[in-house]
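S.K.: everything below, folded, please.
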Amino acid sequence: MFKITKTKEDENTINLRMDGKLVEEWLSEFEKLYFKIKKDKDKRIIIDLSGVSFIDDNGIDFIEKIKDRSIDIINCSPFIESLLGGLINRDGVTK
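M.R.: Numbers count the residues shown, from 1 in each chain. Got it, this is the predicted structure:
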């Protein structure tokens, strides 16, 4: 199971909390939401991964594909941070 919750939104930023496993089976939900936000709104996206217990190669590839200066990834567990490798700075924000 995978759940995405919009926890906060203002004129500049949208915060998304993710819970579950970001794996191929559930990745399409994240992709749809991400592209809808980017199409409809020019906002910074903050992705809270505190509730994510696993990310497979497909999830890692998608995060790598979308990472840019308008996306921050926060609250990764040490395990998720190790899976994301070079995509995360020491302060928990995407490079």
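S.K.: show me where pLDDT drops low in the chain?
M.R.: Within the chain, the segments meeting pLDDT under 70 span 88-95.
S.K.: in it, where's the longest strand?
M.R.: Determined from DSSP state E, the single longest strand within the chain is strand 44-55.
S.K.: neighbouring strands - and their directions - for it?
M.R.: Using DSSP bridges, strand 44-55 pairs in its sheet with strand 13-22 (parallel), strand 71-74 (parallel).
S.K.: what's the distance between the last one and the middle of its chain?
M.R.: Okay, so that is strand 71-74. Average the C-alpha atoms of strand 71-74, do the same for its chain, and the two points are 7 Å apart (CA atoms, centre = their mean, to the nearest Å).
S.K.: three-state assignment of the most far-flung residue of the chain relative to its centre?
M.R.: Distance from the C-alpha centroid of the chain, by CA atoms, centre = their mean, peaks at Glu11 (19.4 Å). Using DSSP: H, G, I helix; E, B strand; the rest coil, the three-state assignment for Glu11 comes out as coil.
S.K.: now it. Nearest residue, chain neighbours left out?
M.R.: Lys43 (7.9 Å; CB to CB, 6 or more residues apart in numbering). C-beta: built from backbone N, CA, C; applies to glycine.
S.K.: same question, Val52
M.R.: Met18 (5.2 Å).
S.K.: gap between the one you found and Glu11?
M.R.: 23 Å (CB to CB, to the nearest Å).
S.K.: helices or strands up against whichever strand or helix holds Tyr34?
M.R.: Assigned by DSSP states H and E, Tyr34 belongs to helix 24-40. Using 3 or more CB pairs under 8 Å, 6 or more residues apart in numbering; DSSP states H and E as the contact test, the elements touching helix 24-40 are strand 2-9, strand 13-22, strand 44-55, helix 57-66.
S.K.: all good on my end, thank you.
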